[in-house]
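Novice: heads up, no residue letters with this:
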């Protein structure tokens, strides 16, 4: 039945923006907390050292100081170390060490920035000044700034029981793997994918206050519920005594899905001192201690037929785990292995990964988590293969793409791709970018001279919509207004708009009638969180189903009000009526008032709430094709992006404006990986890029005008048909840009350069 | 936070007097000094604010040329009619600063006297960082360090945006101190220190720059800067070119411990700018460049900057 107020698919403006752009929104550091103390954390200046002694007397006597606490004070009171997921799905770990990690370093520090002493004072300035008076005596140990150094013979072990700093060994198909398909053409390519710093605009921040015997904490997180259960267990208090709130959160990109020391320290201090306590990171603290991403050495072997059809992929990863595992454990390299065949019909695949503990920040899921790596690897390999075989890069992709009739498609790595029309996205990109015209211009320049022009393609498929469940309760309130209780919470995505659209469409109400609650474990008691592009396909689906349940249950109430049989009740535009008599209708306010009245059957009011979690039967697999054209300044090596065409298929689209916003941000981060960003540690583990001066996040004017296109292939795994769009553009863009630059450099005999493709690197490649 | 005194005199005389105290440092826009203080690389006991001295701000034409007060902000200066019409080399250097915040605060004097961006210096190892008798920058990561004038241990580069164009245009600086006022060529504000105990500036104790004056000589002039990215970082290479009837000047920025005047490049342009003479000037400019272990790319960029500055001036 048509619903006149349909908003799904419309470019509805973000409801959250007025408060964000007028400075009304409250981020964690803005939460009013009269009388709050401020925490400053004394951090290790060494990548690797033993703590010999700590002298806190001078700091304790400094003006305004309310307390100075070391591991000796805090750790004995904690019930357990940080939680780490046992192991992800797919493949198997033949070795996995999960060292215990605590809120303060005890005997050893393992990275620059490890927390050693907590200093609390009346003002932030006093806390910082007093922290400078803490005297920690360290015995410096040799550090390892990357995975190869950590794995080298004689490297200093980070942990006594971890031989060779080998954090894990993971293998896809560890046993019973089918014999590798053979191909006449073989490639073996070595890659180094650089380390990246997620760089959320809002650095991490935590605040806490006692409310009677309960603790309320605010934290800049992607997952208030997980923080709550973890912190409650670490502190040894019942979960009911802890309320966790993610207020406005200024970006996360995966890094804020983890648990951090300050999220334990701040509520601990509030309990200990019976005062509100707050902390927020400086940018350098954030860069040193918030999880990083990517950072792997890879060898990819590919076997193919002479016509360019890929038969077998074998990926071998040396992964830099940093000094600790965060919550997810080593999921990223296994996702790289699982996604290595990309959108291509490859007969067999094998993947193997070794993790190394290094004296660096933990290296965890960062926008795309494993899929950007896999996509980059297979897309680079396809271009190298195309170049060696003399096949056009578009054609070699066309020959390898999984055709639509093969879905659901079981990959050689054991995944089941839900749905896809991959060639359609490729064709759309080629047409939108005038691929033939670009190739003609390239040929002209190569013949007549001119700046080197390169054209890059990347076809991608990614995996998202991870379960196992998500909450999205829907309630029609006594006045007929609608409340959505979301288990996921936004940090820029626009959930308040998208979730309201889903509920409004199902219930036939206007967006203004819908209130979306999120990120507060009291208001929304259940949830997992926002990461892995899962909010819409899992959390959105829960809201969709629950709103539908409320609507269908309301028909029974309408039947009573209208003195008719339930099966005769029709629903349209938020009005219930007896079939054939639309003039005599009741709306949500009448239904809700009746449900809460004495005349209604018992349980009627409760019928207006549905709160069943959505448990997806499988993951979703968004896909697309990106096309990038670049030209290179031959004198400086600087790369300029002339055109960027992004064709993304995320299934059905709830709100194109929001989806395009996700694509814009994703492209910026993927292009930045290709050209600009590089988090560098020296060989001993000192972070050489601790501020935005050294770490090159792009400015808007360093990015091209994006040309966005879409194909729509719904997924069958959720009722909305949506796949997720949070990470897709990051995944597609890095290889598209790299392939374009390498294409431009082909006349110079260059087949591959590792990212980031800085001007100097490109210029040097052109000189040889 | 380290405590410090703050004073805000209304006259240059008071300023000089207040600056005569031990540990006193002049504060103009603060775009460099405040970040040095936050990083712990500077710890003045007294800041003397120069921005409240009316005489020190604003630009106007005089018989001697365009007089620019030392606390004139870069943003407004870049909009000044005379700068736009006659001295594009200055306007282009200002446009290269890019950060609106910095353009709104940085002053002409502060730009000329900002401290090097050298990461050894900023990390507290001094202007001429030494370890076991060897230059830390020469043995360490020197990708952004000097490719000229680097035979000694000082290999930082002068970071000023305005020095190359002002020197190319023959500008002079007015310096005021306890012993009175003097006028020096802008290039004479700089020197290469032999050790971290020495200054990279020629100013005496309690001396300040109060103004610069650009002579109103007609010239073809331009600045060209090359950055790794378009953000508000410092250029990897910059060149300013000015060619007039009286001759040519070519000045490289971010290339040496001082703004680097290339007589050879200027000679190549003395007969006028053409595609060929620009190319010749570029080659001549880098003929005596010397790469350290990690900054060879900067020589290429210096070459490109000279050529493109010359062509832009044409």
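Specialist: Noted; the coordinates are in hand. As the structure is a computational prediction, the values presented were derived from the model and not from experiment. Numbering: from 1, shown residues only, chains lettered A, B, ... in the order given.
Novice: shaky segments in the chain?
Specialist: In the absence of a named chain, this looks at chain A. For chain A, the stretches with pLDDT under 70 are A:1-5, A:86-91, A:174-177.
Novice: my question was about chain B
Specialist: Along chain B, the model assigns pLDDT under 70 to residues B:1, B:229-232.
Novice: which residue lies farthest from the center of it?
Specialist: residue B:132 (30.9 Å; CA atoms, centre = their mean).
Novice: ok, residue 129 - how many residues close by?
Specialist: All of this is about chain A. For residue A:129, the tally of surrounding residues (other CB atoms under 10 Å in any protein chain shown) stands at 21. (Each C-beta comes from the backbone N, C-alpha and C, glycine too.)
Novice: that's the wrong chain, I meant chain B
Specialist: 24.
Novice: now residue 93, what's its secondary structure?
Specialist: Reading this off chain A. strand (DSSP: H, G, I helix; E, B strand; the rest coil).
Novice: which ones are touching the residue nearest to residue A:487 when sequence neighbours are not counted?
Specialist: The shortest distance from residue A:487 to any non-neighbouring residue, by CB to CB, 6 or more residues apart in numbering or on different chains, is to residue A:527 (2.6 Å). Counting by CB atoms under 8 Å, 6 or more residues apart in numbering or on different chains, residue A:527 makes contact with A:223-225, A:470-471, A:486-489, A:521, A:539.
Novice: is it true that residue A:376 touches residue A:736?
Specialist: No - counting by CB atoms under 8 Å, residue A:376 stays clear of residue A:736, with 9.7 Å between them.
Novice: so how far is residue A:538 from residue A:611?
Specialist: For residue A:611, the distance to residue A:538 equals 15 Å [CB to CB, to the nearest Å].
Novice: State the phi and psi torsions of residue B:134.
Specialist: Dihedral angles phi and psi of residue B:134 (degrees, to the nearest 10) take the values phi -120, psi 150.
Novice: cool, and the one 5 residues further on?
Specialist: The main-chain torsion angles of residue B:139 are listed as degrees, to the nearest 10 and equal phi -90, psi -20.
Novice: What parts of the stretch 1-150 of chain A come near chain B?
Specialist: Neighbours of chain B within the stretch 1-150 of chain A, by CB under 8 Å from any CB of the partner chain: A:125, A:128-129.
Novice: what's the neighbour count on residue A:138?
Specialist: Residue neighbour count, defined by other CB under 10 Å, stands at 18 for residue A:138.
Novice: still on that earlier bit, can you select the buried ones from the contacts of residue A:527 in PyMOL?
Specialist: A single PyMOL command is used to select the members of those judged buried by 16 or more other CB atoms under 10 Å in any protein chain shown:
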select buried, chain A and resi 223+224+225+470+471+486+487+488+489+521+539
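Novice: can you give me the strands in the stretch 51-200 of chain A?
Specialist: Ranges of strands within the stretch 51-200 of chain A are A:65-70, A:92-96, A:108-109, A:115-121, A:135-140, A:166-171, A:185-196, based on DSSP state E, counting those that start in this stretch.
Novice: The second one pairs with which strands, and in what direction?
Specialist: According to DSSP bridges, the neighbouring strands of strand A:92-96, each with its direction, are strand A:166-171 (antiparallel).
Novice: residues of the partner strand that come out buried?
Specialist: Residues of strand A:166-171 classed as buried by neighbour count (16+ other CB under 10 Å): A:166-168, A:170-171.
Novice: wait, which of the residues you listed is closest to residue B:93?
Specialist: Minimum distance to residue B:93 across the buried residues of strand A:166-171 is 50.2 Å, recorded for residue A:167 (CB to CB).
Novice: Just list the residues touching that closest one, thanks.
Specialist: Taking CB under 8 Å, 6+ apart as the test, what residue A:167 contacts is A:96-97, A:321, A:325, A:330, A:355-357.
Novice: got CSV for the residues you listed, with neighbour count and secondary structure too?
Specialist: Listed next are those as CSV, based on neighbours: other CB atoms under 10 Å in any protein chain shown; DSSP: H, G, I helix; E, B strand; the rest coil:
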residue, neighbour count, secondary structure
A:96, 18, strand
A:97, 18, coil
A:321, 29, strand
A:325, 28, coil
A:330, 24, coil
A:355, 31, strand
A:356, 28, strand
A:357, 29, strand
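Novice: Walk me through the domains of chain A.
Specialist: Domain ranges of chain A: A:17-23+A:467-610, A:367-465+A:619-767, per automatic domain parsing.
Novice: okay, how far is it across the first one, tip to tip?
Specialist: Domain A:17-23+A:467-610 has its terminal residues 29 Å apart, counting by CA to CA, to the nearest Å.
Novice: do stretch A:720-728 as well
Specialist: With CA to CA, one end of stretch A:720-728 sits 18 Å from the other.
Novice: Could you give the number of residues near whatever residue of the stretch 551-700 of chain A ends up closest to chain B?
Specialist: Chain B sits closest to residue A:635 of the stretch 551-700 of chain A, with a gap of 4.4 Å, by CB to the nearest CB. Neighbour count of residue A:635, defined by other CB under 10 Å: 19.
Novice: How about it, nearest residue that isn't a chain neighbour?
Specialist: Here the residue nearest residue A:635, using CB to CB, 6+ apart, is residue B:304, at 4.4 Å.
Novice: What number of residues are in the vicinity of the one you found?
Specialist: 21.
Novice: What residues of stretch B:69-77 count as buried?
Specialist: For stretch B:69-77, the neighbour count (16+ other CB under 10 Å) marks B:69-75, B:77 as buried.
Novice: Now, these that are in helices?
Specialist: B:74-75, B:77 (DSSP state H).
Novice: of the residues you listed, closest to chain A?
Specialist: Closest to chain A, out of all of those and judged by CB to the nearest CB, is residue B:75, at 17.7 Å.
Novice: ok, for the closest one, nearest residue in space, not its chain neighbours?
Specialist: Counting by CB to CB, 6+ apart, residue B:75 lies nearest to residue B:103, which is 3.7 Å off, once chain neighbours are set aside.
Novice: Report the contact partners of the one you found.
Specialist: Counting by CB under 8 Å, 6+ apart, residue B:103 touches B:73-75, B:78, B:94, B:97.
Novice: Wait, a helix at residue A:747?
Specialist: Yes - using three-state DSSP, the secondary structure at residue A:747 is a helix.
Novice: my read: it touches residue A:453, true?
Specialist: No - assessed by CB under 8 Å, residue A:747 is found out of contact with residue A:453, at 10.5 Å.
Novice: Give me the phi and psi for residue B:161.
Specialist: The phi and psi values for residue B:161, taken as degrees, to the nearest 10, are phi -80, psi -40.
Novice: ok so, going back, okay, the domains of chain A in CSV with distance to residue A:117 next?
Specialist: Converted to CSV, these look like this (distance: least, CB to CB, whole Å):
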stretch, distance to residue A:117
domain A:17-23+A:467-610, 30
domain A:367-465+A:619-767, 20
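Novice: Out of those, which is closest to residue A:31?
Specialist: Once the domains of chain A are compared by CB to CB, domain A:17-23+A:467-610 is nearest, at 12.2 Å.
Novice: which parts of chain A sit against chain B?
Specialist: Within chain A, the residues that sit near chain B (CB under 8 Å from any CB) are A:125, A:128-129, A:635-636, A:676, A:688, A:693, A:696, A:698-699, A:701-702, A:758-760, A:763-764.
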